[in-house]
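Novice: Here's a sequence, model it:
(2 chains)
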Amino acid sequence: MDSELIWRIAGGSGDGIVSTSDNFGKAIMRSGLNVFTHRHYPSRIRGGHTYAEIRAGPTELKSRGDGYNFLLALGDSFGRNQKIDSAYYGNERIKPLTENLYDLHNGGVIVYDTGIIDIEDVPDFSEQVAENNWHVYPIDLRSIAKEEGRDIMRNTAGIGATAALLEMELAPIEALMKAAMKGPIFEQNLTILRNTYSMVADTFEFTHDIRFPSGEHNETQALVSGSHAIAYAALDEGCRFIAGYPMTPWTAAFTIMCGILPDVGGISEQVEDEIAAAALAIGASHAGVKAMSGSAGGGFSLMSEPLGLAEMVEQPIVLLEAQRAGPATGMPTKTEQADLEHVLYTSQGDSTRIVLAPGDPEEAYEQTRMAFQIAYGYNIPVILLYDQKLGAELRNIPLSFFDRDPDPSMPGTIPESDLIDAPHHPSGKYHRYNYDAKDGVSLRSIPGQKHGRFHASGNEHTQEGHISEDPINRVLQMDRRRSKIAAIRTYLDAQNVSNNTPYGPLSSPYGILTWGSNKGTVEEAVDRLNSSGTPLVKALSVSDLCPFPTQEVTSFVESVSKILVVEMNATGQFQGLVKQQLGAYGDKLYGLLKYDGNPFEPAEIVAGFEEKIMGEN
Amino acid sequence: MNTTFSAIGENRTVDANEFTPEIEPQPTWCPGCGDFAVLNALKKAVSEVGRSPEEVLLVTGVGCSSKISSYFECYGFHSLHGRSLPIARAAKLANPDLLVIAAGGDGDGYGIGGNHFMHTARENHDIVYIVFNNEVFGLTKGQASPTSLKGHKSKEQPLGSAKDPIRPLSMGLAAGASYIARTAAVNPSQAKDILVEAIQHEGFAHIDFLTQCPTWNKDAKQYVPYVDVQKSEEYDFDPSNRVQAAQMMYETETSLSEGKILTGRYFIDDRPSYQQEKIARGSMPKDPLAYRYTDEKYSWERSFDYVENRHT
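Specialist: Now for the predicted structure:
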């Protein structure tokens, strides 16, 4: 069954797990395979069980897959000095061989570092190995690394062992090492890589079946995460201002932007808190720059106030909300989708905002561009709602996907030359909030423009922005602001490709509804459920959360008899939204929820479907 | 002159009356309110430095005094309680050619917006920040504010406030403001001069403006008689000397509690403004970013080049 590789590297935080796996993933991609990665790590800088997985195969990969079939167990080297046992909490050193070991496929491979892990410490190891037909290769990676370089280079030794056991070419790995390292560090790592490779090839008799799959790309691929896709889309939209405060997992996108903006004459600001961060985005946007901010759910709580201001003064901004497990500090490095209601409803009053939830890096790019186009076209805040899973997973996309033209335009602004003939109050103030604006979009002037002065106010206001509690004005302004939502729904419906992705045979009797980052995993589950050839189930992955795609969802729901609603939270927030928006069909919906911090594997969705939809209930 | 933002840098004489809006020429403040004096001094100061209404962005918070954005003709932004500074400083970074002024009350700036005050001062943004300090919450009817004297009574503090007032000038100094002054509504000429200096100062100019509240703060009276620490023979200190400035501020804050009104310039520092620091390190463009969006010749960078170099 293993025509693909699911390689897991496990060790402690600070052992170089991430950089090693990122580079190895790229080498695999360059070897012609498709790649999908998954990260699991604690909220801690040094030590603690952490792992990264690379799924690789010749066909399209839509999820992390189920379990894994190759384990490189480095063991946690947190203590550095191996003699100090008090440097470890509990059994951390052996955690790669005790935690989730049962997810290793039957017939899978284990390489472990005998320099760190004493196999006698692992309970029932040999019994488990025999039971599951695992193939075990104990190697003193630590000594190999120390002999030629430093202790930490044992991850390079681990890659050498992996490549040898998979009979994989070293050339793509060496090329990436050469690009990333220099001088003696490169020489040492290269020697360690090659020595381990030949030692493993010469010493061991290979008993396992798994080999490096063969594949070929017909065009250059790029290995990107959702966070990259979001940042690159923002750049292509001409966003040149970002303000933020660090918070996992939003920090990834923030960091990418902060790294690039100085190169392109932009401005990044790390500020005192998230109230300030969103307020800075408002200020920069107000003065004529395309601006964004963002946070995780906790920081977004603080942004509730400026978000409401942006709605009221109709200031375009794009906010990212990268979800992690809550409430409060929750599980900072673990994924969840429990901020849906938070993002839709936070802040006082009737809201006027757009919320999009992309399902994969390509959608993250497309929908981030769309977020800027809507925000700066309709003068409205747009929130891009994603999660730790989408933000951190790497997968390959054809490089040509990114071959796009930039679009820095801001159609919601009025050029200075048009201002003199635009509607004004007799006193000379510009009607920034014009009752009669088409689609409710009253064009904004920018400070410094002649004949453009107006008053922006968080209070209800007249056409030129002065504070007013006149009931007629109130209703006119409220209705105009709200009317933008319907206009944006019409705009979204007019796009060539919907943000909401149907999948599977149209004639299927059953359906799966999901949103955001579960898209690929659900699609993989749909393929498995339909593998007999008879159409059984189809899916709809929803990205438009506000304005809700009522027509698309209604026709999907009407076309099937039962629907599984898949989401990563404990209260079925999306299922609730569907019921609220559709106003019917509630008895057709069955929730499949997960909120343990880990994303769904496709097999879990298959099992959930079989139990909740096909089972007797 | 920029042809798409042509109000900026226009070389003409500006009359103080240009800043009086025809829509709301008469503020709704109570008779005798100190806020009128700030408004008048600001009109005179901005016209004296030759900036016209459409090159000024006045960002305010929420409260009686924050309504000044309705009564001062310019690009106004009446934002949220305590949030004027982060909006103002980002607007200045986006377009440093604008004259950006932030304003609000003492509750707005030293209470709910205190964190923003501390960090905006620390970063030394080139903006003017006017705090209308009436030592009370006005719009919500008389509650103790961060600057209220100990013992201040209201319906919420029926037995009198048990808190000492904060020390606003000392706070500005510790946080990093590079121009710090206190003036009073009863001293319009000094107020105008200080506002002119603050506008011309390159860096964060913090003005604690004593504005009497005849409705809710009877204790504060009219802030008379006042003493100008620069003019008085009694005081001799160098406002460019941080230690002497700190001592003078401490005495000024303490004496206000005792009913003695000291005003004047307390600290003037020539350290570079935030935008100067950022430009020097290449983390901010030399030309205002806001103009790039109307520059048809600008060749916008593409993410493709980053993807190709970093991800393939």
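
Novice: From now on I want contacts and neighbour counts done on CA atoms only, so please keep to that.
Specialist: Fine.

Novice: Tell me where the stretch 1-150 of chain A has helices.
Specialist: A:17-30, A:125-132, A:141-148 (DSSP state H, counting those that start in this stretch).

Novice: Can I get stretch A:19-38 as CSV, trimmed to CA atoms?
Specialist: Once non-C-alpha atoms are left out, stretch A:19-38 reads as follows in CSV (Å, rounded to 0.1, in the frame of the first residue of the first chain):
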residue,chain,number,x,y,z
SER,A,19,15.0,23.6,9.0
THR,A,20,16.1,20.0,8.3
SER,A,21,12.7,18.9,7.2
ASP,A,22,12.1,22.0,5.2
ASN,A,23,15.3,21.5,3.2
PHE,A,24,14.7,17.8,2.9
GLY,A,25,11.2,18.5,1.6
LYS,A,26,12.6,20.8,-1.0
ALA,A,27,15.1,18.2,-2.1
ILE,A,28,12.3,15.7,-2.5
MET,A,29,10.3,18.2,-4.5
ARG,A,30,13.3,18.8,-6.8
SER,A,31,13.6,15.0,-7.2
GLY,A,32,10.3,15.1,-9.0
LEU,A,33,7.8,14.3,-6.3
ASN,A,34,4.8,16.1,-4.8
VAL,A,35,5.3,17.2,-1.2
PHE,A,36,2.9,18.0,1.7
THR,A,37,4.3,18.8,5.2
HIS,A,38,2.9,18.9,8.7
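
Novice: what helix or strand does B:Ser255 sit in?
Specialist: helix B:242-257 (DSSP states H and E).

Novice: Now the element after that helix, going C-ward?
Specialist: Criterion used, DSSP H and E; the element after helix B:242-257 is strand B:261-268.

Novice: In its sheet, which strands sit next to that next one, and in what direction?
Specialist: Sheet pairing of strand B:261-268 (DSSP bridges) gives strand B:179-184 (antiparallel), strand B:226-228 (parallel).

Novice: any idea how far the helix holding B:Ser255 is from the chain center?
Specialist: 20 Å (C-alpha atoms, centre = their mean, to the nearest Å).

Novice: so what secondary structure elements neighbour that helix?
Specialist: helix B:168-175, strand B:261-268 (3 or more C-alpha pairs under 8 Å, 6 or more residues apart in numbering or on different chains; DSSP states H and E).

Novice: what angle do the last one and helix B:242-257 make?
Specialist: In other words, strand B:261-268. Between strand B:261-268 and helix B:242-257, the angle comes out at 160 degrees (axes from the mean of the first three to the mean of the last three C-alpha atoms, to 10 degrees).

Novice: For the helix holding B:Ser255, which residues meet the burial criterion?
Specialist: B:Arg242, B:Gln244, B:Ala245, B:Ala246, B:Met248, B:Met249, B:Thr252, B:Glu253, B:Thr254, B:Ser257 (16 or more other C-alpha atoms under 10 Å in any protein chain shown).

Novice: element containing A:Leu165?
Specialist: helix A:154-166.

Novice: Extract the C-alpha set from stretch B:183-202 and format it as CSV.
Specialist: What follows is stretch B:183-202, C-alpha atoms only, in CSV (Å, rounded to 0.1, in the frame of the first residue of the first chain):
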residue,chain,number,x,y,z
THR,B,183,0.3,75.6,28.9
ALA,B,184,-3.1,76.8,30.1
ALA,B,185,-6.4,78.0,28.6
VAL,B,186,-6.0,81.2,30.5
ASN,B,187,-2.7,82.0,28.8
PRO,B,188,-3.7,82.2,25.0
SER,B,189,-0.5,83.9,23.9
GLN,B,190,1.8,81.4,25.5
ALA,B,191,-0.4,78.6,24.3
LYS,B,192,-0.1,79.8,20.7
ASP,B,193,3.6,80.2,20.9
ILE,B,194,4.0,76.7,22.4
LEU,B,195,1.8,75.2,19.7
VAL,B,196,3.9,76.9,17.0
GLU,B,197,7.1,75.5,18.5
ALA,B,198,5.5,72.0,18.8
ILE,B,199,4.5,72.0,15.2
GLN,B,200,8.0,73.1,14.1
HIS,B,201,9.7,70.6,16.4
GLU,B,202,10.9,67.4,14.6
